[in-house]
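Trainee: Turn this into a model:
(chains A and B, ligands or ions: 1)
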Amino acid sequence: MPEIKNTSRKIVKLMQGNEACTIGALAAGLDFYAGYPITPSTEIAEICAEELPKVGGRFIQMEDEIGSIAAIIGASLTGRKTMTATSGPGFSLMQELIGYAALCEIPIVIVNVMRVGPSTGMPTSTAQGDVMQARWGTHGDHPIIALAPGNVRECFDLTLRAFDLAEKYRVPVIVLTDEVIGHMREKVELPEPRSIHPLKRKAPSSRAGYKPYAADPEGGVPLMAPFGEGYRWHVTGLYHDESGFPTQKPAVADTLIRRLQKKVDLNVDDICEYASESLDDCEVAVVSFGSSAMSALSAVRRARTEGIKAGFLRLKTLWPFPEKVVASLGSHAKRVIVAEMNLGQVALEVERIIGTTSGGRSKVERLGKVNGELFHPEEVFNAIRGNT
Amino acid sequence: MPALDYFRKERLPHIWCPGCGHGAITGALVRAIEKLRIDKNKVVIVSGIGCSSRAVGYLDFDTLHTAHGRALAYATGIKLSRPELHVIVMTGDGDCTAIGGNHFIHAARRNIGITTIIMNNEIYGMTSGQYSPMTPKGMLGTTAPYGNLERPFDLCKLAIASGATYVARGTAYHVPLTIDIIEKALLNPGFSVVEAISGCPTYFGRKNKIGGAVEMLDWIKDSTINVKAAAVLPPEKVAGKVLIGELHSAPEAEYAALYMELIGRVQRRYDDYIGEVRECASNSD
Ligand SMILES: Cc1ncc(C[n+]2csc(CCOP(=O)(O)OP(=O)(O)O)c2C)c(N)n1
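Mentor: So this is what the prediction gives:
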């Protein structure tokens, strides 16, 4: 990790996305990391191995990615802020326990630096093919939050934010970056330390009568006691009632799963973030995220200089899907191009939303790329101009 | 404190079948904790999935019922995070040696301070009687209708070879012995393994025509021999019997303690960016 001397003056550094992610996590208060090496995420583990013991935190290299996510769930239960980082194959292995964390409401952060899949694919090449897996990779209905940084500074910001969201909603949060974002170096100005206020976990006030899963059925978030402090509570991946113990009662099961989903659904406006440019009068909108959005933005700017009314929308939150802003495109853009390094995963959502809200006025076009290379701005520009 | 006070009485009765050995083994664990007068609030018990893993729901500690095979990995996170806690894993033969086998050998290799109790009923009980990696060769299971062709693990040898620093075998029949070895396992600072042979009359006993609860216990009694007794008997009297008692004790530096030492060596003053952010964060609210 670059030595970042302090402080109180501007901190400007040349750094990689993976480094910025890790510094963001450390700024959030990360104090437990477990992981298994995989390209292109490994720098995150390496920096954590070096830095965490220096701040009294813990790093462990587990025997696989299932063990890694299990270890951070265990550590989170003792009150720590925990993270793991991985890429495609490792993310696939983690799926069962992502569901565990979602059901048991255990805050964890997972960074998935996407690479080409399926299978071992092209390990050192970039892709954005895990969007749907991030949402639906584990079995059963469950809440999830996924953030997609679009540059190196945002790796810092969104990883920091991932921890806050994980704590606030007790939902696993996935930071979906990709090989280009993870390995790209940019000059980054970090925020002033005093301006950063990471969220602290709310603890229950008394041990007596502690009901670990008591919460407003309308999306309430229960208070989480740390293990080892005398609460003596029970956590299970079986459906459970307010007491935390297993139940098979249909009414309790129904309330539980709906409450979990509502934690996210009722707070979409708090969770969703995006960046945009020239949307107000655009006739062609380009929707993108992550590294693809860099090419998309430069294509949109070029189109403007050539007199084409193009607009740009970059999603920083992928799940929950930012429906409102996407729906707003349908009111004026005749064409909505979705540029992503997969065969149309975000496009599926955009088609659904535009299809139901624009009354047929706008058409969604898929611009997918799956050869391991980043978009050239020219490719997006050609799509905007309509001669792909 | 009477043993029953370590149970969540309101959660009883348990789900185990009549004659199941898991209750006797859970009782042995509680009695060992009681003998050592360990503070209830400083014990975390972690389990995987299976009949055996249901034990934790009945015990009055911080308890964590995880996913199939993963108990040791969760427990590793807890122990490394809070080395001062007693972390105990209760698992089954399938949970520990099939789907969880990799976590088992690596937890042993690290010598992380976890006491692992494997309730070995030589069958997948929860899913109703399929063969496990501990089902003896030739025995029947619902997925071994012609007799099991696979060789079982010797779990204790596996533990020793993987680096566990305390290894012993007890049974649901030899309860005082089992209490005693669990006590010793809890006292070992590193990774401890207690294989506790349990009986499953419902699936293993019935399928293999061993009989009910009593016959299962007799079967356990007749197929085992104490390691101390075995040492002075002629080999032909020991052949084919499973050794019980303390099989290995070789304490070594425990992993979480080593990590704390590492922190002691490298922890630094907060004099850079991360340090300042964390300092600001801990002062603010
Ligand atoms: C990933 C996964 N695979 C399979 C199962 C189904 N399953 C539940 S318990 C179990 C076997 C448990 O056997 P064992 O560990 O020997 O414990 P016992 O029930 O005999 O005490 C299996 C295969 C599961 N819950 N999760």
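
Trainee: Need the three-state assignment for residue A:287.
Mentor: Classification of residue A:287 using DSSP: H, G, I helix; E, B strand; the rest coil returns strand.

Trainee: Next one, pLDDT for the closest residue to the ligand within the stretch 151-285 of chain B please.
Mentor: Minimum separation of the stretch 151-285 of chain B from the ligand (C-beta to the nearest ligand atom) falls at residue B:200, amounting to 6.4 Å. For glycine as for every other residue, the C-beta is placed from the backbone atoms N, C-alpha and C. With respect to pLDDT, residue B:200 has a value of 97.

Trainee: and the closest residue to it other than its chain neighbours, what is it in contact with?
Mentor: Spatial nearest neighbour of residue B:200, chain neighbours left out: residue B:121 (3.9 Å); criterion: C-beta to C-beta, 6 or more residues apart in numbering or on different chains. Neighbour list for residue B:121: B:20, B:21, B:22, B:51, B:52, B:92, B:93, B:197, B:198, B:199, B:200, B:204 [criterion: C-beta atoms under 8 Å, 6 or more residues apart in numbering or on different chains].

Trainee: let's go with 10 Å and repeat that
Mentor: Contacts for residue B:121 (C-beta atoms under 10 Å, 6 or more residues apart in numbering or on different chains) come out as B:20-22, B:25, B:50-52, B:92-94, B:132, B:134-135, B:172, B:196-205, B:216.

Trainee: Are any of those residues buried, and if so which?
Mentor: Taking 16 or more other C-beta atoms under 10 Å in any protein chain shown as the criterion, what is buried in those is B:20-22, B:25, B:50-52, B:92-94, B:132, B:134-135, B:172, B:196-205, B:216.

Trainee: unless I'm mixing things up, residue B:12 is touching residue B:4, no?
Mentor: Yes: between residue B:12 and residue B:4 there is a contact at 9.1 Å, judged by C-beta atoms under 10 Å.

Trainee: Could you report the neighbour count for residue B:106?
Mentor: Residues lying near residue B:106 (other C-beta atoms under 10 Å in any protein chain shown) number 20.

Trainee: mind checking the SS state of it?
Mentor: helix.

Trainee: what's the spacing between the spatially closest residue to residue A:155 that is not a sequence neighbour and chain B?
Mentor: Closest residue to residue A:155 apart from its sequence neighbours, by C-beta to C-beta, 6+ apart: residue A:20 at 3.8 Å. Distance, residue A:20 to chain B, using C-beta to the nearest C-beta, to the nearest Å: 12 Å.

Trainee: check which helix or strand covers residue A:20.
Mentor: helix A:17-28 (DSSP states H and E).

Trainee: again, but for residue A:67
Mentor: helix A:65-77.

Trainee: So that helix, near the ligand or not?
Mentor: No: using C-beta under 6 Å from any ligand atom, helix A:65-77 never reaches the ligand; the gap is at least 9.8 Å.

Trainee: tell me the mean pLDDT for that helix?
Mentor: The model assigns helix A:65-77 a mean pLDDT of 98.

Trainee: Please identify the pairing partners of the helix or strand following it and their relative orientation?
Mentor: Using DSSP H and E, the helix or strand that directly follows helix A:65-77 along the chain is strand A:82-86. Using DSSP bridges, the strands paired with strand A:82-86 in its sheet are strand A:32-35 (parallel), strand A:109-116 (parallel).

Trainee: Could you tell me the angle between the direction of strand A:82-86 and that of helix A:17-28?
Mentor: Counting by axes from the mean of the first three to the mean of the last three C-alpha atoms, to 10 degrees, strand A:82-86 lies at 170 degrees to helix A:17-28.

Trainee: now strand A:82-86 against helix A:65-77, angle please.
Mentor: Using the same axes, to 10 degrees: strand A:82-86 against helix A:65-77 is 160 degrees.

Trainee: what's the offset of strand A:82-86 from the middle of its chain?
Mentor: How far strand A:82-86 lies from its chain's middle: 12 Å, per C-alpha atoms, centre = their mean, to the nearest Å.

Trainee: next one: stretch A:152-162
Mentor: Distance, centroid of stretch A:152-162 to centroid of chain: 10 Å (C-alpha atoms, centre = their mean).

Trainee: Any regions of the chain where pLDDT drops low?
Mentor: You didn't pick a chain, so chain A it is. Residue ranges of chain A with pLDDT under 70: A:1-9, A:387-388.

Trainee: Oops, wrong one, chain B.
Mentor: B:269-270, B:284-285.

Trainee: Tell me how it divides into domains.
Mentor: Domain ranges of chain B: B:3-251, B:253-285, per automatic domain parsing.

Trainee: Figure out which of the ones you listed is closest to residue A:188.
Mentor: domain B:253-285 (11.4 Å; C-beta to C-beta).

Trainee: Buried residues in that closest one, which are they?
Mentor: B:254-256, B:259-260, B:270, B:272-278, B:280-281.

Trainee: Mind picking the two most distant members of the residues you listed?
Mentor: So, those by C-beta to C-beta: farthest apart are B:254 and B:280, at 34.7 Å.

Trainee: For whichever residue of the stretch 51-200 of chain A sits closest to the ligand, list the residues it contacts.
Mentor: Of the residues in the stretch 51-200 of chain A, the one nearest the ligand is residue A:96, at a distance of 6.3 Å by C-beta to the nearest ligand atom. If you count contacts by C-beta under 10 Å, 6+ apart, residue A:96 has them with A:66, A:69, A:70, A:137, A:138, A:139, A:237, B:67, B:68, B:69, B:70.

Trainee: and the two most separated of those?
Mentor: A:137 and B:69 (18.7 Å).

Trainee: More neighbours: the two, which one.
Mentor: Using other C-beta under 10 Å as the criterion, residue A:137 and residue B:69 rank with residue B:69 on top: 27 against 19.

Trainee: helix or strand for the more buried one, which one?
Mentor: Here residue B:69 is assigned to no helix or strand, by DSSP H and E.

Trainee: what does residue A:209 give?
Mentor: With DSSP H and E as the test, residue A:209 turns up in no helix or strand.

Trainee: could you measure it against the ligand, distance?
Mentor: 32 Å (C-beta to the nearest ligand atom, to the nearest Å).

Trainee: how many neighbours does that residue have?
Mentor: Residue A:209: 7 neighbours (other C-beta under 10 Å).

Trainee: Next: the one 3 residues further on.
Mentor: The local packing of residue A:212 (other C-beta under 10 Å) involves 21 other residues.

Trainee: That one contacts residue A:244, correct?
Mentor: Yes: Residue A:212 lies in contact with residue A:244 (C-beta under 10 Å); the separation is 4.4 Å.

Trainee: any common contacting residues for these two?
Mentor: Contacts common to residue A:212 and residue A:244, judged by C-beta under 10 Å, 6+ apart, are A:104, A:222, A:233, A:234, A:235.

Trainee: out of the residues you listed, who's nearest residue A:369?
Mentor: Checking the shared contacts of residue A:212 and residue A:244 against residue A:369 with C-beta to C-beta, the nearest one is residue A:104 at 37.6 Å.

Trainee: which residues does the closest one contact?
Mentor: A:73, A:76-77, A:97, A:170, A:212-213, A:224, A:235-238, A:240, A:244, B:64-66.

Trainee: of these, buried ones?
Mentor: A:73, A:76-77, A:97, A:170, A:212-213, A:224, A:235-237, A:240, A:244, B:64-66.

Trainee: Please report how far the residue of the stretch 101-250 of chain B found nearest chain A lies from residue B:19.
Mentor: Residue of the stretch 101-250 of chain B nearest chain A, by C-beta to the nearest C-beta: residue B:106 (4.2 Å). Applying C-beta to C-beta, to the nearest Å, the value for residue B:106 to residue B:19 is 35 Å.
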